[in-house]
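Build me a model:
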Amino acid sequence: DAVWQAWRAALGGHRMHHAWLLSGREGLGKAGFARAAAAELVTEPGVPQPPPEHHPDILWLSPLPATDDEAKKRDEGRPFATKRNISV
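The predicted structure follows:
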């Protein structure tokens, strides 16, 4: 509840932060919060919206395969290891 209160206070403020870092142990609901918050951010009142996973203003990123061999596994539909860090 406190996270949602902070989010909605930011939405109602004069300026939104350029980034929000979500951290914590696995299973807390960070991904769910991020998806729901993104949908809330781009929703236009009174305008029908597509589901968040198909909204043109929301980009869903997923971790890249750790190696070329892992990329081949991904392409074949098999389980694969992902990178632990974001490359810049």
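
Just say helix, strand or coil for the residue of the chain positioned farthest from its centre.
Note on the chain: the largest C-alpha distance from the chain mean falls to Asp69, namely 26.2 Å (CA atoms, centre = their mean). Secondary structure of Asp69, reduced to three states by DSSP: H, G, I helix; E, B strand; the rest coil: helix.

For Ile58, see how far away Gly46 is.
19 Å (CB to CB, to the nearest Å). C-betas here are computed from N, CA, C, even on glycine.

Could you check which of the two has the larger neighbour count?
Neighbour totals were compared for Gly46 and Ile58, and Ile58 leads with 16 against 5 (other CB atoms under 10 Å).

ok, longest helix in the chain?
Ranked by residue count and defined by DSSP state H, the top helix of the chain is helix 30-42.

can you list the weak-confidence ranges in this structure?
Across the chain, no stretch falls below the confidence threshold (pLDDT under 70).

Buried ones in stretch 31-41, by neighbour count?
Residues of stretch 31-41 classed as buried by neighbour count (16 or more other CB atoms under 10 Å): Ala37, Ala38, Ala39.

contact partners of it?
Defining contact as CB atoms under 8 Å, 6 or more residues apart in numbering, one finds that stretch 31-41 is touched by Val3, Trp4, Trp7, Leu11, Trp20, Leu22, Gln49, Pro52, Glu53, His55, Ile58.

How much space separates the fourth one from Val47?
If I follow you right, that is Leu11. As it turns out, when the distance is counted by CB to CB, Leu11 lies 17 Å from Val47.

Need phi/psi at Pro65.
Dihedral pair for Pro65: phi -60, psi 150, per degrees, to the nearest 10.

which residues in this structure form strands?
Secondary structure of the chain (DSSP state E): no strands present.

And the residue nearest the centre of the chain, how close does it get to Lys83?
Centrality entry for the chain: nearest residue to the mean C-alpha point is Ala34, 4.7 Å, by CA atoms, centre = their mean. When CB to CB is the yardstick, Ala34 and Lys83 sit 19 Å from each other.

Then Lys73?
Lys73 sits at a distance of 14 Å from Lys83 (criterion: CB to CB).

got it, and Ile58?
Counting by CB to CB, the separation of Ile58 from Lys83 is 22 Å.
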